[in-house]
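Visitor: Need the 3D shape of this:
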Amino acid sequence: MNSKLKLILSLFMSAVLATFHVGAEERIILLNEGNWQTDNGKITYFEDGRIVSNEWFREVNGFKLGDTPNDIIQVSDNLIAIAVNWSNIVQFIDTKGKAVAATEDVPNNRKLATDGEYVYISSYGHECGTVDGYVYFTKGYVAKIDLKTFKVVDTIEVGYEPEGIAYYKGYLFVANTGGYAFQEDHEYETTIEVIEANTMKRLRTIDTHQINLYGKMSQSGQYLCVNSPGDYYDIDAATIILDCDAVLSGKPDEECFEKLEYAATYSCTAADGRFYCIGSRYSYYTSEYTFNYVTVDPAKVMETDGAEGVYEDMPGTLMEDLKSMMMPYGIYVNPYTGYIYATDAGSFAAAGALWQWTPEGQFVGRYGVYINPAHFLALKPRSGDISQIGAERNDGYFYDLEGLYVKEPKKGRIYIRNGRKILYTGN
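Guide: Model prediction:
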């Protein structure tokens, strides 16, 4: 094709795409924790094969996010909540990164859940500012934030140092760690509290007999994946698979969960409803980490009393690539597209990396981010109607998202070809 004809095609595609908007498919918000007590938490915004910004929050708002952000959830179509732990802030932003509200009433906040009307957040703290004044606790608690006012309207005391929290069928499932047991006058916790979200009253407490239920839960329908790192000495790490329906139906504790002899330090829900788990086990005896990499089918685990449902296998090169990381620090599957992401914290003190795979586990690319990249949220794709482009032009050439002809496409980038968006893999 001569240069004149290429120019005509480029102008044609630009005109068509001006009419049919083409938006981003992969839109990932990544929380970088930074270094604890250094006030350098940052947000990375990733879109269609490129890092748009590693300073997204500050660039949009003109001020810092805060110290050690440790959870992020989508609350509604245009509202996102972020737990900024060491700054004692629950920050609310819109999907363009703009800060819309914040509360400092929940100190030492940890993990988030929502029913769309309220945000629920766990806290290691012993006090909370509410619409009725300050309330105080011996142990940890869960706070209920009204999204109309962004004020705490209710609380409930749970166990010591509560962590993961999930919302299911009107109930909150809260995992207690007792993680300060090594320095405070209490034991490690072994329980998961079940709380009616509407009344903030306790329904029941499930005793898993496994200490230190630490970290963010992954949720797949009625099933929760809960990690336990043990005590880093003599009690080994493990994973609890909890069946929320069994809990709510009143079954005995032992029929509501299964304990697996694997760690799930970093886990996520895959497109098929299974869990991908990276287990990081640390021993103070050896001062070393050991890892496990497994895929867990929670329904099969519960059906077989734990005898089946755990597979030391992941799609494509995903497991092999994860094992090549210096220090895996997070894993995530985009629920809208199925693309897989993971992070490598490296030395924990310098910039980390974001890795990307196709839904089939084919490695796409590696991108530089900030210190301790850990927590993910995918935004809905901004897809446009490009179906008519293929009807008008089916020439097999590559065009960028602005409709311009691309002579040498780059691996890992999104292009338009024959009227369809594709990820160029170099083939």
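
Visitor: which residues does residue 51 contact?
Guide: For residue 51, the contact set (Cβ atoms under 8 Å, 6 or more residues apart in numbering) comprises 44, 45, 354, 367, 368, 369. To be clear about C-beta, it is placed using only N, CA and C from the backbone, and glycine gets the same treatment.

Visitor: Weed out the non-buried ones from these.
Guide: Among the contacts of residue 51, the ones that count as buried by 16 or more other Cβ atoms under 10 Å are 44, 45, 354, 367, 369.

Visitor: Okay, and the beta partners of the fourth one?
Guide: Legend: beta-bridge partners of residue 367 under DSSP bridges are residue 354.

Visitor: per-residue pLDDT, it?
Guide: pLDDT, residue 367: 98.

Visitor: Could you do the second one as well?
Guide: The predicted local distance difference test score for residue 45 is 98.

Visitor: Confirm it sits in a strand?
Guide: Yes - per DSSP: H, G, I helix; E, B strand; the rest coil, residue 45 lies within a strand segment.

Visitor: close enough to count as contact, it and residue 96?
Guide: No - counting by Cβ atoms under 8 Å, residue 45 does not reach residue 96; the two are 9.7 Å apart.

Visitor: Now do the helices in the stretch 251-400 of the chain.
Guide: With DSSP state H, counting those that start in this stretch as the criterion, the stretch 251-400 of the chain has helices at 298-303, 318-323, 387-392.

Visitor: Give me the spatial nearest neighbour of residue 257, chain neighbours excluded.
Guide: The shortest distance from residue 257 to any non-neighbouring residue, by Cβ to Cβ, 6 or more residues apart in numbering, is to residue 242 (4.6 Å).

Visitor: who touches that neighbour in this structure?
Guide: Residues near residue 242 by Cβ under 8 Å, 6+ apart: 173, 192, 206, 223, 224, 226, 256, 257.

Visitor: Farthest-apart pair in the residues you listed, please.
Guide: The span of those, defined through Cβ to Cβ, is set by 206 and 223 at 13.8 Å.

Visitor: of these two, who's got more company?
Guide: Comparing residue 206 with residue 223 by neighbour count (other Cβ atoms under 10 Å), the higher total belongs to residue 223, at 26 against 20.

Visitor: one step back: want to try a markdown table for the contacts of residue 51, with distance to residue 277 as columns?
Guide: Compiled in a markdown table, the contacts of residue 51 are given as follows (distance: Cβ to Cβ, whole Å):
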| residue | distance to residue 277 |
| --- | --- |
| 44 | 23 |
| 45 | 27 |
| 354 | 19 |
| 367 | 23 |
| 368 | 26 |
| 369 | 22 |
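
Visitor: For the residues you listed, which two are the farthest from each other?
Guide: 45 and 368 (13.7 Å).

Visitor: how near is residue 254 to residue 318?
Guide: Going from residue 254 to residue 318 by Cβ to Cβ, to the nearest Å gives 34 Å.

Visitor: Counting neighbours around each, name which of these two comes out higher.
Guide: residue 318 (23 against 12).

Visitor: My read is that that one contacts residue 340, right?
Guide: Yes - between residue 318 and residue 340 there is a contact under Cβ under 8 Å: 6.2 Å.

Visitor: Find the residues that touch each one of those two.
Guide: 276, 357, 361.

Visitor: Just name the closest of the residues you listed to residue 38, please.
Guide: For the shared contacts of residue 318 and residue 340, the nearest to residue 38 is residue 276 (30.2 Å; Cβ to Cβ).

Visitor: Tell me who's in contact with that closest one.
Guide: Contacts of residue 276 by Cβ under 8 Å, 6+ apart are 267, 268, 270, 295, 314, 318, 331, 333, 340.

Visitor: what sits against the nearest residue to residue 76 once chain neighbours are set aside?
Guide: For residue 76, ignoring the flanking residues on the chain, the nearest one in space by Cβ to Cβ, 6+ apart is residue 116 at 6.0 Å. Residue 116 makes contacts with 75, 76, 147, as judged by Cβ under 8 Å, 6+ apart.

Visitor: Report the buried members of those.
Guide: Neighbour-count burial (16+ other Cβ under 10 Å) applied to the contacts of residue 116 gives 75, 147.

Visitor: re earlier: could you identify which of the contacts of residue 242 has the most neighbours?
Guide: residue 192 (30 neighbours).

Visitor: so what's that one bridging to?
Guide: Here residue 192, judged by DSSP bridges, has bridge partners residue 175, residue 206.

Visitor: swap in the one 10 residues further on?
Guide: When bridges are taken as DSSP bridges, the partners of residue 202 come out as residue 195.

Visitor: Just the pLDDT at it, thanks.
Guide: 98.

Visitor: Residue 344 versus the closest residue to residue 321 other than its chain neighbours, what's the distance?
Guide: Of all residues not flanking residue 321 in the chain, residue 363 sits nearest, at 5.6 Å (Cβ to Cβ, 6+ apart). Here residue 363 is placed at a distance of 13 Å from residue 344 (Cβ to Cβ).
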